[in-house]
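*Asks:* A structural model of the following input is requested.
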Amino acid sequence: MKLTIIGNGYTAQFLAKDALRYGYEVSIITRNISNPETNIHYLNFFDYNNVAKKLINENVVSTVPFNEEGFDPVLKKYKKSISLNENNIIYYSATSVYGSGIVDESSKPSPKHKRGITRLSCEKEWVKANSQTSIFRISGIYGPNRHPMIKYLNGNNEVYFKENYISNRIHVEDLSSLTLQFINQNCQEKILNISDPKKISNYDAIKFVSDELNLVKPKLIKYDPTKVSEMLKSFYDINRTVKSKIIDNELSYKFKYPDYKLALLNLTKSLLDSD
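*Replies:* Down below sits the predicted model:
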């Protein structure tokens, strides 16, 4: 089994290591080959001939977001190669393509902000390039070295709060495991929502951790859309609860980290223990 991952960011690095444990031959296509891991084959994004061969002949997961102009850089350069691929193709998108309310894979996308609108446009371009493409709509990714308790322990205990707002999250290790299980089971579903099952607000999760570890209490900052960045506004403006019929029914996946507050507690303990 061969897997080519496009992009070498946070999630791609976890996915690559996980795939090696499953016995995959792993390649990463990236613009910046820094800190290479052993047993992984790296290709420069601009090495057209070799990259094209990978994108035609292997299972592909693209973790690359759209660029500043709103275009997908992978399709811009390698659309023809993608179109010829008969293996598994997965495009990592985001739940920002949905509107408000309870959503699952059958829900019609209704993005309200530019990021969601652009994400949806990229999804359509991937499916247009290859109809076999599976779209993974992913909630906020967290994990080691990427979670809100890092800045909290560094002295910033301000936490935004919005009434009835629930955070949709997924641990990077669950995202990686779900991706590989999807490929291993040769799942044919075209849309997959990825979000942990036990929903909680970011404030309540952080308060739980601070209470458990006797940390300084979080300073509640009431969300005001007129006083935050567009990025933060795109997260807090829409109240949605992300669910997945496919994970529950088709994949029967057992989450490693189903409960965000407990996972956040363990991540915080690890940070404190490392000091």
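
*Asks:* Give the burial count for K227, as a bare number.
*Replies:* By other Cβ atoms under 10 Å, 10 other residues sit near K227. All C-beta spots, glycine's among them, are computed from the backbone N, C-alpha and C.

*Asks:* Equivalent analysis for N35, please.
*Replies:* 7.

*Asks:* before we move on, what SS does Y203 have?
*Replies:* helix (DSSP: H, G, I helix; E, B strand; the rest coil).

*Asks:* That one is in contact with E158, isn't it?
*Replies:* No: using Cβ atoms under 8 Å, Y203 is not in contact with E158, being 10.5 Å away.

*Asks:* Of the two, which one has the most company?
*Replies:* Using other Cβ under 10 Å, the more surrounded residue of Y203 and E158 is Y203, with 19 against 10.

*Asks:* Not counting residues beside it along the chain, what's closest to that one?
*Replies:* Nearest residue to Y203 in three dimensions, chain neighbours excluded: F161, at 4.5 Å (Cβ to Cβ, 6 or more residues apart in numbering).

*Asks:* Helices of the stretch 51-200 of the chain, start to end?
*Replies:* 73-83, 114-129, 149-153, 172-184 (DSSP state H, counting those that start in this stretch).

*Asks:* Next one: D248, what pLDDT does it get?
*Replies:* Looking at D248, its pLDDT reads 88.

*Asks:* With mean neighbour count and mean pLDDT as new columns, can the helices of the stretch 51-200 of the chain be given to me in JSON lines?
*Replies:* Shown next, in JSON lines, are those (neighbours: other Cβ atoms under 10 Å; pLDDT from 0 to 100):
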{"stretch": "helix 73-83", "mean neighbour count": "19", "mean pLDDT": "98"}
{"stretch": "helix 114-129", "mean neighbour count": "19", "mean pLDDT": "97"}
{"stretch": "helix 149-153", "mean neighbour count": "17", "mean pLDDT": "96"}
{"stretch": "helix 172-184", "mean neighbour count": "21", "mean pLDDT": "98"}
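
*Asks:* can you list the ones you listed in JSON lines and add distance to K219?
*Replies:* Below are the helices of the stretch 51-200 of the chain laid out as JSON lines (distance: least, Cβ to Cβ, whole Å):
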{"stretch": "helix 73-83", "distance to K219": "39"}
{"stretch": "helix 114-129", "distance to K219": "27"}
{"stretch": "helix 149-153", "distance to K219": "10"}
{"stretch": "helix 172-184", "distance to K219": "27"}
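
*Asks:* looking at those helices, which is closest to I138?
*Replies:* Shortest distance between I138 and the helices of the stretch 51-200 of the chain, using Cβ to Cβ, is found for helix 172-184: 6.4 Å.

*Asks:* By mean pLDDT, which helix or strand of this protein comes out lowest?
*Replies:* Every helix and strand of the chain was ranked by mean pLDDT, DSSP states H and E. The lowest is helix 230-236, at a mean of 82.

*Asks:* Run the chain-centre distance for it.
*Replies:* 17 Å (Cα atoms, centre = their mean, to the nearest Å).

*Asks:* Stretch 203-212 now?
*Replies:* Worked out by Cα atoms, centre = their mean, stretch 203-212 lies 23 Å from the chain centre.

*Asks:* May I see the buried residues of that stretch?
*Replies:* By neighbour count on 16 or more other Cβ atoms under 10 Å, the buried set for stretch 203-212 is Y203, D204, A205, I206, K207, F208, V209, S210.

*Asks:* Looking at the residues you listed, which is nearest E230?
*Replies:* For those, the nearest to E230 is Y203 (21.3 Å; Cβ to Cβ).

*Asks:* ok, now which ones touch that closest one?
*Replies:* V159, Y160, F161, P218, L220 (Cβ atoms under 8 Å, 6 or more residues apart in numbering).
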